[in-house]
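1. Need a 3D model of the sequence below.
(2 chains)
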Amino acid sequence: MAIQKPGIPKGTRDFSPEEMVKRNYIFDSIRSVFRLYGYTPIETPAMENLTTLMGKYGEEGDRLIFKILPRGEKLNMDVIKPEEALRYDLTVPFARYVVQHQQDIAFPFRRYQIQPVWRADRPQKGRYREFYQCDADVIGSDSLLNELELILMIDQVFTKLKAPVCIKINNRKILSGIAEVIGEKEKIVDITVAIDKLDKIGADGVNKELREKQISEKAIEQLQPLIEFTGDTAAKLNLLKELLRTSEIGNKGIEELEYLFAHISNCELQIAKCELDITLARGLNYYTGAIIEVKATEGTFTSSICGGGRYDDLTGIFGLPNMSGVGISFGADRIYDVMTELNLFPQEVKASTTLLFAHFGEAERDHCLPLLAQTRKAGISAELYPDVVKIKKQLDYANKKGIPFVAVVGSDEMKEGVLTVKNMKDGSQMKLKIYELIDRLKA
RNA sequence: GCGGUCAUAGUUCAGUUGGUUAGAACGUCUGAUUGUGGUUCAGAAGGUCGUGGGUUCGAGCCCCAUUGAUCGCCCCA
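-> The predicted model follows:
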């Protein structure tokens, strides 16, 4: 067979041991906060029935679902009908899970889930086709205290990671209210998607896009105060109260936001800044209340690193109505990118191995076996160089792997019943009995 | 799905208006040193110049196509 060039699918990555240490640091930090807040873990399969996923993420989302080729003797590529697909996020599989296992679940159900998801879109900076989401959701509770807890969890996670962030909060009911009062109720998605780009393309760009989407001039004019407005959260809420006074749903949204922000200001967030952002329009396909997005406030990384919101009826489509949920999702890969750029990973890059047994031959190597077992029994991670090669090569190996101590065993050591222990950092050596070595390494 | 940029050794990159045998650094391997790594010195291996076509006496370089990478748009963690 011809030699083939090795490679992996676009938008996917290998992770080296060094990278995995850092990735696990992120996962562990997030997981510990989830646990602290009483969330319990679940996992769901990498693949779901296609019908479970289709239609949940909008037209664009459907297109980005990785579909799995069905098995078949005679596969005709033109009439393939996939029945399964890789999961696109963790929220919809979770909704499916809740409906399927409702009789076993104690509601309100607080679950966390850390698994990869797949999206068939074009990779670019901070965008992968395989990436991990770390979700925490509580389902079966309408209380806004859940939203508050999610904000506190976000703050705590990024405090742990020492990553400065801004939590942007909006409410779908506000967006609905705005669309209602300007008389473009049906165009709510077009309007909010356009306003969402304010940061990127400016007021002129937003207005241009609104016109392209056939929004009436009168409606665009009514939107201007919102687009041009600058001020703090309290001022924004006052403006919204004025604008949305005729909209029942808009008022409900304002009420929710006031409640949430009042509680947030009582809690004193540690690292996160928190602000009302009426241009925030994520997850419109199923969010009905709060919308949350988190961005790093330093560095060049502008994509969101965490997002979430409330969905009132995600389980309805699977046959369990009136089950409100709210959750957040941390994008571990993007958090990794932000932390790499800002150099936020702690220095302690723990070596996997503390002690390497190096030897001068087969007899010496085998002499090490009981010593190796003793060392491991004492809880010290240790390994024995498995092949008979020059000592130089064994030391080189230890050096490259960052192993801090090497126990050298030759005929002299065997006779004396000692080990020549070399400190790889400063090159110093001393002869120690195995128990002396273990005591020193444990200390 | 749409647009820009790029593609040369394991890696990062040189390579003159198109001209003989495509270079460097780092890495790898061997030796100096058959009981000592991270420093030094000597040497070696390693390339169908992404792939396929075209122009030309002659292509790493020019043209077309294709694939891949990357950066934007759409959308999103």
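
2. and the residue of the stretch 1-150 of chain A found nearest RNA strand B, backbone torsions?
-> With CB to the nearest atom of the strand as the measure, residue A:10 is the residue of the stretch 1-150 of chain A nearest to RNA strand B, at 2.8 Å. Backbone N, C-alpha and C define where each C-beta goes, glycine included. Main-chain torsions, residue A:10, degrees, to the nearest 10: phi -60, psi 140.

3. Identify the residue spatially nearest to it, adjacent ones excluded.
-> residue A:123 (5.6 Å; CB to CB, 6 or more residues apart in numbering).

4. what's around the one you found, how many residues?
-> For residue A:123, the count of nearby residues is 15 (other CB atoms under 10 Å).

5. buried stuff in stretch A:24-39?
-> Within stretch A:24-39, the residues scored as buried using 16 or more other CB atoms under 10 Å are A:25, A:26, A:27, A:29, A:30, A:31, A:33, A:34, A:39.

6. The second one is in contact with residue A:340, isn't it?
-> No: contact status for residue A:26 versus residue A:340: not in contact, 10.8 Å apart, counting by CB atoms under 8 Å.

7. who's in contact with the residue nearest to residue A:10?
-> A:10, A:11, A:129 (CB atoms under 8 Å, 6 or more residues apart in numbering).

8. which stretches of the stretch 51-200 of chain A have low pLDDT?
-> By pLDDT under 70, the low-scoring segments of the stretch 51-200 of chain A are A:72-79.

9. and with 90 instead?
-> Scanning the stretch 51-200 of chain A with the threshold set as pLDDT under 90 gives A:55-63, A:67-83, A:121-127, A:182-200.

10. which bits of it sit near RNA strand B?
-> When proximity is defined as CB under 7 Å from any atom of the strand, the stretch 51-200 of chain A approaches RNA strand B at A:58, A:60-61, A:64, A:89, A:119, A:121-128, A:131, A:133, A:193, A:197, A:200.

11. which of the residues you listed are buried?
-> Neighbour counting by 16+ other CB under 10 Å classes A:61, A:89, A:119, A:126, A:128, A:131, A:133 among these as buried.

12. one step back: and the residue of the stretch 1-150 of chain A closest to RNA strand B, how many residues sit next to it?
-> Residue A:10: 9 neighbours (other CB under 10 Å).

13. about what we covered before: return the backbone torsion pair for the residue nearest to residue A:10.
-> Dihedral angles (degrees, to the nearest 10) for residue A:123: phi -70, psi 140.

14. For it, give its distance to residue A:23.
-> Using CB to CB, to the nearest Å, residue A:123 is found at 18 Å from residue A:23.

15. Which residues are in contact with residue A:201?
-> Here residue A:201 is in contact with residue A:209 (CB under 8 Å, 6+ apart).

16. Not counting its neighbours along the chain, what's nearest the residue in the stretch 251-400 of chain A that RNA strand B sits nearest to?
-> Residue nearest to RNA strand B within the stretch 251-400 of chain A: residue A:331 (2.3 Å; CB to the nearest atom of the strand). Among residues not flanking residue A:331 along the chain, residue A:305 sits closest, at 5.2 Å (CB to CB, 6+ apart).

17. Thank you kindly, that will do.
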